[in-house]
Structures are given as structure tokens and as C-alpha cells.
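Peer 1: Coordinates only, no sequence provided:
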């Protein structure tokens, strides 16, 4: 697991960004921690179909790195949701929490929809209702792993960047982590609905319309953190 190419790529980029004080490291450090925990859960046979989850994890990461590469070459060529997140990163007045949530928003509410479609489309028509339920159950179990990761993200990523977070954590205990976990869980439920809607829509024009709606909805969520 420590030698997984995705982890190595993330760690290399985090090291570079920390050296040059690029605050995009905030989201990527969180994402790397989550990816590590996901790989541990896959190895620990926590999922009904660990092979499918592993493929999804790596396809999901492709979306992040493809958007990043596009932004690095020409910012306006990147998906608008990632322009929103990356453009916010250097703002010295923006909270680290907001920078993190902008990245989470772009990657979950936008990227994950299409990563799911990529994996499910070849098999969707042939899956039984029970098999579709198993895919959904594995999707939902990720929420548990997110919940297990959030406290570490707060301690290791947010509190060093936002000392006030430590005071909030001391005052409210697990309450603030629970709120973030519920927010992300709500997002991921909408993601599954959007992905299945795309899978069940055959008309290319309607698919384009749904894709545009996903992007616009993600941008609206991101505006809350700017």
C-alpha cells in the first residue's frame, strides 16, 4: 500500500507544494490521508467488491490529476469547479477550511459523478438489482472511512493552518467532525443519484444537459466557501 503509485504521486506533489508554500497542499494532504485509509480498507476486505472499489479509487484519482495538469498548462482549460478551487488556494485571507472544502466539493460533487459513470456504464445494463445494491453499499461504506479520517485531517492539516480550529475542537469535541462528515455524506448521496441518472439517460443531448447541471450545482456549492 505505501508503494501504491497514487500515494507516491500525491506525496511527491505535497512535498513540493509545502516547500513552496502552495496551499493546494491542504486539500491534497487530506485526499492522500483518505486514499491511504481507503487502500487499507480494501486490503482489509471491508467492501463487498474490493476489486471494483480499487478500480474506482484509481479512476477517481485520475480525474484529480487530469484536472490539475490542465490547470497547470492553462488554467481556463481546467474544469470550472477546479478553477474555483485552485484560484482560491493562494488567497492569504481565505480560511484553510474553506480551501479544503472547495477541493472536496470539486472532487466529490463533480469528479466522483463521472468516475462512477466510467466504471458502471460498461456493466450497468447487465447488473442485477442485487449487484447494483452491492455497488451502492460499497459507495456508502466509503462514508464510514471518511468519518474515520476527518478527525486526523483536523488535527494534522487544519489545526496547524488554523489555530482556532483547536479551540473549536476542544469546545465541541466530535460535534464539528460529525457535521463535516454528514455534509460530505449528503453530497455523496447526491453524487450516486446523479451518476445513476446519467447511466439511465440514453439521449446524448439530455446527458450533456445533466452534465452541465452537475457542474453548475457544484459551482454553486463552491460559492458558499468563497
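Peer 2: In hand now; what should we look at? As the structure is a prediction and not an experimental result, all values here were calculated from the model.
Peer 1: And the helices in the protein?
Peer 2: 5-19, 25-43, 50-73, 80-88, 96-105, 113-124, 129-153, 159-161, 163-172, 175-199, 204-223 (DSSP state H).
Peer 1: Mean pLDDT lowest where, among those?
Peer 2: Lowest mean pLDDT of these: helix 163-172, a mean of 45.
Peer 1: deepest of the helices of the chain, which one?
Peer 2: helix 96-105 (a mean of 23; mean count of other C-beta atoms under 10 Å). All C-beta spots, glycine's among them, are computed from the backbone N, C-alpha and C.
Peer 1: so what's residue 140 closest to, chain neighbours aside?
Peer 2: residue 188 (7.8 Å; C-beta to C-beta, 6 or more residues apart in numbering).
Peer 1: these two touch, right, residue 24 and residue 86?
Peer 2: Yes. Counting by C-beta atoms under 8 Å, residue 24 touches residue 86, with 6.4 Å between them.
Peer 1: I'd like to know how far residue 55 sits from residue 61.
Peer 2: Separation of residue 55 from residue 61 (C-beta to C-beta, to the nearest Å): 11 Å.
Peer 1: my bad, should have said residue 4
Peer 2: Distance from residue 4 to residue 61, by C-beta to C-beta: 10 Å.
Peer 1: Name the residues contacting each of the two.
Peer 2: Residues within reach of residue 4 and of residue 61 at once, by C-beta atoms under 8 Å, 6 or more residues apart in numbering, are residue 35.
Peer 1: check contacts around the residue nearest to residue 62 when sequence neighbours are not counted.
Peer 2: In this structure, residue 62 finds its nearest non-sequential neighbour in residue 115, 7.7 Å apart by C-beta to C-beta, 6+ apart. The contact partners of residue 115, by C-beta under 8 Å, 6+ apart, come to 56, 59, 60, 62, 63.
Peer 1: Could you dump the residues you listed into CSV with distance to residue 144 added?
Peer 2: What follows is these, written out as CSV (distance: C-beta to C-beta, whole Å):
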residue, distance to residue 144
56, 16
59, 21
60, 17
62, 24
63, 22
